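[1] Build me a model from this:
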Amino acid sequence: MAELIGGRVRTGHRQLIRDINRTLLLNLVRERGGASRAELARVSGLSPSTVTSITASLLADGFLLEADGGSPTALRPASVGRPATNLRVNEAAGHVVGVKVTADHLAATITDLAATPLAAVSTDRGHDDRPESVAAQFSALVDRCVAAAGTDRKSLLGLGIGVPGIVDPLTGRVAGSPLIDWGHLDLVGILETSLDLPVHIDNDVNTLTVAEQLFGAGRGLADFVVVTIGLGIGMGIVVRDNIYRGASGGAGELGHVRAASDGPDCWCGRRGCLEAIAAEPALVREVLASTGRLVKPGDLGRIADKEPEVAEILERAGRLVGQAIATATMILDPGRVVVSGEGVRLGEHYLAALREGLRERETKEVNSEVVIEPWGDEAWARGAATLVLRELFHPAHLRDGDAPLVEPLARPTSTTRSVVRSSRGGR
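    Prediction:
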């Protein structure tokens with residue numbers, strides 16, 4: 001007889017059911033920061049004997065540890081009789097590598113099971129896109145990560161890759177990108193063969209969104225969006241705990257909504273796109289045209305503090321981005337809007353205008369909390385690594401169900417506010 005999964009009966013092969021139950025329990029322990037066997041049985045719907053059997057195998061495999069009596073993960077000791085022994089995830093049980101692909105280099109990080117970066121390395125990407133050359137470059141990069149972290153290649157559980165552009169959700173191929181031309185490559189197949197590891201690939205904004213979902217500002221939220229500002233403007237969308245990619249993998253192209261009918265040409269072939277007006281390259285061009293000076297994107301915020309003309313340029317662009325986000329929030333009704341990316345370094349002239357543009361267009365019924373995530377160069381690679389962790393803790397056969405895996409968390413308050421966080425970064 002099949003076990004209950006999330007309150008419903010699933011039938012199938014005995015080993016498949018056991019594998020599903022293993023990932024279910026492992027994810028519950030992770031999400032709760034620790035849990036007793038009795039709590040796991042209550043929340044999952046599995047019988048106490050099944051929970052005991054599966055957690056014993058997870059302990060034997062090293063994925064779980066028993067917490068000490070004084071451990072902060074001992075959340076709910078029994079009120080009568082012997083205190084319940086709490087279980088927690090062993091963050092050192094394995095490692096994953098994440099790679100962020102850019103136009104000219106590959107940035108990689110290796111993390112533990114809590115997505116804590118242990119080492120980061122990078123290398124020039126070059127322009128040799130032959131399958132054997134790409135495989136050799138990724139293999140060398142993975143080896144460098146392992147050596148830098150002082151770990152063993154045998155501890156690797158997989159490789160995650162974030163690429164700029166659209167990734168076909170069925171084939172895993174790069175279907176379209178402004179920065180790389182890998183449409184001819186079966187990148188997943190090539191790398192799984194050469195590395196002998198599971199390989200997961202997604203749009204880089206989606207990888208950052210997965211990181212926010214598992215470990216960051218989206219944790220515990222069923223519905224939220226991540227807006228990234230930098231070379232481009234993108235949006236990751238989480239709907240009912242799932243990344244929403246659209247029919248062809250192209251959902252979230254916020255940068256290509258029209259912001260001005262008479263705006264400048266965009267690389268996509270249209271005119272007046274938000275990205276062509278409000279992303280960092282567009283701001284650099286506008287400042288150059290207005291002041292005659294070519295400045296670096298990272299200096300724009302500092303210059304704007306002293307020069308009203310530059311401040312006005314940033315404020316106008318930030319307001320347009322905020323208005324575009326407001327349109328998305330009225331359609332999606334997310335619990336939270338996370339703003340990240342290199343564009344965060346544009347400073348308060350840009351970000352304050354963004355918040356103002358969002359407030360101008362929002363309705364009383366849809367009024368989303370805004371979280372600003374400071375930029376960190378390793379965040380994108382870390383986000384790519386979480387593609388592997390998601391499959392370990394929350395794989396597709398659990399994400400696709402309608403029943404919640406854990407008790408729902410409280411929805412954020414409706415008051416729009418900005419929370420500045422210091423521990424993580426973004427594009």
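
[2] Of all the residues in stretch 277-295, which ones are buried?
    Of all the residues in stretch 277-295, those buried under the rule 16 or more other Cβ atoms under 10 Å are 277-280, 282-284, 286-287. Yep, even glycine has a C-beta here, placed from its N, CA and C like the rest.

[3] residues in contact with it?
    Taking Cβ atoms under 8 Å, 6 or more residues apart in numbering as the criterion, the residues outside stretch 277-295 that touch it are 229-233, 255, 259-260, 263-264, 275-276, 296-297, 300, 303, 307, 309-310, 313-314, 317-318, 320-321, 342-343, 346.

[4] Just the buried ones among those residues, please.
    Using 16+ other Cβ under 10 Å as the threshold, 229-233, 255, 259, 263, 275-276, 297, 300, 303, 310, 313-314, 317-318, 320-321, 342-343, 346 are the buried ones among the contacts of stretch 277-295.

[5] Show me those that map onto strands.
    Mapping these onto strands (DSSP state E) picks out 229, 233.

[6] In helices, which of the buried ones among the contacts of stretch 277-295 appear?
    With DSSP state H as the criterion, helices contain 275-276, 300, 303, 310, 313-314, 317-318, 320-321 from among the buried ones among the contacts of stretch 277-295.

[7] Out of those residues, the closest to S53 would be?
    When those are compared for distance to S53, the smallest value, 51.7 Å, is given by V321; criterion: Cβ to Cβ.

[8] hang on, that closest one packs against I229?
    Yes - in this structure, V321 is within contact of I229 by Cβ atoms under 8 Å, at 6.7 Å.

[9] Quick check: V338 is in a strand.
    Yes - judged by DSSP: H, G, I helix; E, B strand; the rest coil, V338 forms part of a strand.

[10] okay, it: pLDDT?
    At V338 the predicted local distance difference test score is 96.

[11] And for A385?
    For A385, pLDDT reads 94.

[12] so what's the backbone phi/psi at it?
    Summarising the backbone geometry of A385 under the convention degrees, to the nearest 10, its torsions are phi -60, psi -30.

[13] quick one: contacts for it?
    Residues in contact with A385, defined by Cβ under 8 Å, 6+ apart, are 96-98, 109-111, 115, 160.

[14] among those, which two are most distant?
    For these, the maximum inter-member distance is 11.8 Å, found between V97 and A115 (Cβ to Cβ).

[15] who's more crowded, those two?
    Shown here are V97 and A115; by other Cβ atoms under 10 Å, V97 has more neighbours (31 against 22).

[16] Regarding that one, which helix or strand does it belong to?
    strand 95-101 (DSSP states H and E).

[17] Report all helices and strands that that strand contacts.
    Using 3 or more Cβ pairs under 8 Å, 6 or more residues apart in numbering; DSSP states H and E as the contact definition, the elements that strand 95-101 packs against are strand 105-111, helix 131-149, strand 156-163, helix 204-215, helix 379-393.

[18] Using TSV, lay out the ones you listed together with distance to T50.
    Converted to TSV, the helices and strands packed on strand 95-101 look like this (distance: least, Cβ to Cβ, whole Å):
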stretch	distance to T50
strand 105-111	31
helix 131-149	36
strand 156-163	24
helix 204-215	25
helix 379-393	19
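
[19] Please identify which of these is closest to D186.
    When the helices and strands packed on strand 95-101 are ranked by proximity to D186, the top entry is helix 131-149, at 7.9 Å, counting by Cβ to Cβ.

[20] So what's the model's average confidence on that closest one?
    Confidence for helix 131-149, expressed as mean pLDDT, is 95.

[21] Low-confidence stretches in the stretch 101-250 of the chain?
    Residues of the stretch 101-250 of the chain meeting the criterion pLDDT under 70: 179.

[22] try it again with 80
    Counting by pLDDT under 80, the ranges of the stretch 101-250 of the chain that qualify are 169-171, 175-181, 183, 248-249.

[23] ok, so what distance separates L28 from L87?
    Spatial separation of L28 from L87 under the definition Cβ to Cβ, to the nearest Å is 10 Å.

[24] joint contacts of the two?
    A shared contact of L28 and L87, defined by Cβ under 8 Å, 6+ apart, is any residue touching both; here these are 35, 40.

[25] more neighbours, those two?
    Comparing L28 with L87 by other Cβ under 10 Å, the one with more neighbours is L87, at 28 against 20.

[26] And what about that one, helix, strand or coil?
    Three-state secondary structure (criterion: three-state DSSP) places L87 in strand.

[27] quick one: contacts for W182?
    Going by Cβ under 8 Å, 6+ apart, W182 touches 129, 134, 163, 173-174.

[28] Can you add distance to N203 and give those residues back as JSON lines?
    Conversion of the contacts of W182 to JSON lines gives the following (distance: Cβ to Cβ, whole Å):
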{"residue": "D129", "distance to N203": "19"}
{"residue": "V134", "distance to N203": "18"}
{"residue": "V163", "distance to N203": "7"}
{"residue": "R173", "distance to N203": "12"}
{"residue": "V174", "distance to N203": "9"}
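
[29] for these, which one is nearest L354?
    Distances from the contacts of W182 to L354 were compared by Cβ to Cβ; the smallest belongs to V163, at 26.2 Å.

[30] Pull the number of nearby residues for the closest one.
    23.

[31] partner residues bridging it?
    Here V163 sits in beta bridges with N203, going by DSSP bridges.

[32] thinking again about what came up before, could you redo the contacts of A385 as TSV and give each row distance to V43?
    Rendered in TSV, the data for the contacts of A385 read as follows (distance: Cβ to Cβ, whole Å):
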residue	distance to V43
V96	26
V97	32
G98	30
T109	32
I110	32
T111	27
A115	23
G160	28
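
[33] What is the nearest of these to L358?
    For the contacts of A385, the residue nearest L358 by Cβ to Cβ is A115; the value is 28.6 Å.

[34] so how far is T209 from the closest residue to that closest one other than its chain neighbours?
    Leaving aside its chain neighbours, A115 sits nearest to F215 (5.0 Å; criterion: Cβ to Cβ, 6 or more residues apart in numbering). In this structure, F215 lies at 12 Å from T209, with Cβ to Cβ as the measure.

[35] So for these two, which residue has more residues nearby?
    More neighbours sit around T209 than around the other of F215 and T209, counting by other Cβ under 10 Å; the figures are 32 against 20.

[36] what's the helix or strand for the nearest residue to that one once chain neighbours are set aside?
    The shortest distance from T209 to any residue that is not its chain neighbour, by Cβ to Cβ, 6+ apart, is 2.9 Å, and that residue is G236. G236 belongs to strand 233-239 when assigned by DSSP H and E.
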